[in-house]
Each structure stands twice: as structure tokens, then as C-alpha cells.
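Peer 1: Task: produce atomic coordinates for the following.
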Amino acid sequence: MNTDTQTDRPRYAFRPTPWLTVCAALALIVLLGLGGWQIQRLFWKQDLIDTVTAQMNEPAVALPAEIADTTPWRYRRVTVSGHFLHDKEAHLLAHDRKGRLGYAVITPLVRTDGGGTVLVNRGWVPTDNKDVASRSEGQVTGPVTVNGLVRLPWTKNLFMPENDLDKNVWFWGDAAGMAQLAGVTVPDLFVEADDTANPGGLPLGGQTRVTFRNDHLQYAMTWFALAIVLAVVFYLFSRKRIDGDAP
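Peer 2: Numbering: from 1, shown residues only. This next block holds a predicted model:
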């Protein structure tokens, strides 16, 4: 006995409604656009990483007396000589490489080459050593030469408190603000000292950490995956069961 199983199977037709089609199309465009934007960010971030890596691998050079544009000097290894103005140092809240809370000691350096003054991040001190009296041995006098890395200032984000000028405690790298409080004129950058030991061991130099998160490929794949899921859901939702012969 032959049985026509075809007639027992449910039949479906793809019949999306206009409003659902419009909404799905708009959402799909947004998801694909976000994925494409993350791909662009991926190439931008990789180019930044390559540029910074190349900069850091360049041999150290003397910091120019005049710098019209500080951007090309970001993460360049430099040397600069002069004498410190220890009475005008600033204290930037920071963690050391072991995660301990303390301060980065940022001190104006009057240059011997006639290039004015530059802010030097001499290194990290524990919170108990914020007072210079507790680390007087490290307040070197006379001519010094600093080897370090150029770091550009950064801006305050939504989660950072305002810098406390009264206590001379800083939460973000406002070079212009530090210079104004100290009464000096400086280029808009910091020179972060290398790990050359200071007398008495403080400040502890060599604290520069250069890391870049590059998760843009994962973000892009997430947006594209959501676009695929949306397309599949739209298709399944738009399938309508029909009885009898298809029109």
C-alpha cells in the first residue's frame, strides 16, 4: 500500500509583513554598520600599536629645545639635562608595577640647553612618602641628566575626580595645570624617567607601562553574529504555515 507522505507534511511560505521587514532591515543596517566600524577601529588600533612600538625602538635622542607639535614625540626615548625645582613638584595618584597605591612625583626641570623647563615624572613613591621630608636623600641637587620616555598629557574621564590643587594631588595628567600651579612654562608633555636609581631609592623610576587593548576584532565578530541571528529570526518569524496548494 502506497502512502503519499507529501500531503502529510506542513507547508510554509515566506510572507514577511511590511513593518517587520522595515524594522529588521534598519536593525540589520545598524548591526552591520557597527561591525564595519569596529573593523575600521581594528586597523586604526593596530596602526597605533605599530607606530608606538617603532617609536620605542628608536635610539634615545636629545629632547629639542623647541617643540611645535608634541604628537610625533609620543613614546620617544629622549635625554634632557638640567636641574630640578623640587619645591614645585606635583603628586599624581598612581600605582606602581606591583599594584601598590602611591604617587608619581612630577618635578619641573630647568634645562641647561636654554630650552626652558620640562615636566619630569621622576617615578613612584608610596603614599607614606608623599612628604619630601621622608625622602630628602632623593631630592638631588645640581646638574642631572634624565633618560626617559615622552608621554603626552591625558584628559579626565567621567569616573575621575577633579584634581585637588589645594593639596597638590592630581588624578589625571594635566601638564598645563601642573605647570600653571608651579608657575613655569613647559611644553605639553612629560618625560617619564627610566629605572636609573635615585639616591635613597625614591622616587622609583621606570614605571612607564605601555599597553593597548585591541578587542575590536571580537567586537566586530559580535556585531556580525548578531546580524546573522537577526536575519535567521526574521526568516523564521516570517514563515507562515499554509494549507492546501501554495498560491
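
Peer 1: Now D194. Nearest residue, chain neighbours left out?
Peer 2: Using CB to CB, 6 or more residues apart in numbering and skipping the chain neighbours, the partner closest in space to D194 is N147 (4.9 Å). Yep, even glycine has a C-beta here, placed from its N, CA and C like the rest.

Peer 1: What separation is there between the one you found and D50?
Peer 2: Spatial separation of N147 from D50 under the definition CB to CB, to the nearest Å is 24 Å.

Peer 1: which of the two has more neighbours?
Peer 2: Neighbours per residue (other CB atoms under 10 Å) separate N147 from D50, with N147 holding more: 15 against 10.

Peer 1: What is the helix or strand hosting that one packed up against?
Peer 2: Secondary structure here is read from DSSP states H and E; on that basis N147 sits in strand 144-151. Using 3 or more CB pairs under 8 Å, 6 or more residues apart in numbering; DSSP states H and E, the elements in contact with strand 144-151 are strand 77-84, strand 117-126, strand 190-193.

Peer 1: Next one, pLDDT for L236 please.
Peer 2: Reading off the per-residue confidence, L236 sits at a pLDDT of 87.

Peer 1: before we move on, the earlier item: for the strand holding N147, buried residues please.
Peer 2: 144, 146, 148-151 (16 or more other CB atoms under 10 Å).

Peer 1: Report the mean per-residue pLDDT for whichever helix or strand comes after it.
Peer 2: From strand 144-151 onward toward the C-terminus, using DSSP H and E, the following helix or strand is strand 169-170. Averaging pLDDT along strand 169-170 yields 94.

Peer 1: So for the next helix or strand after strand 169-170, mean pLDDT?
Peer 2: Downstream of strand 169-170, the first helix or strand assigned by DSSP H and E is helix 175-182. What helix 175-182 shows for mean pLDDT is 94.
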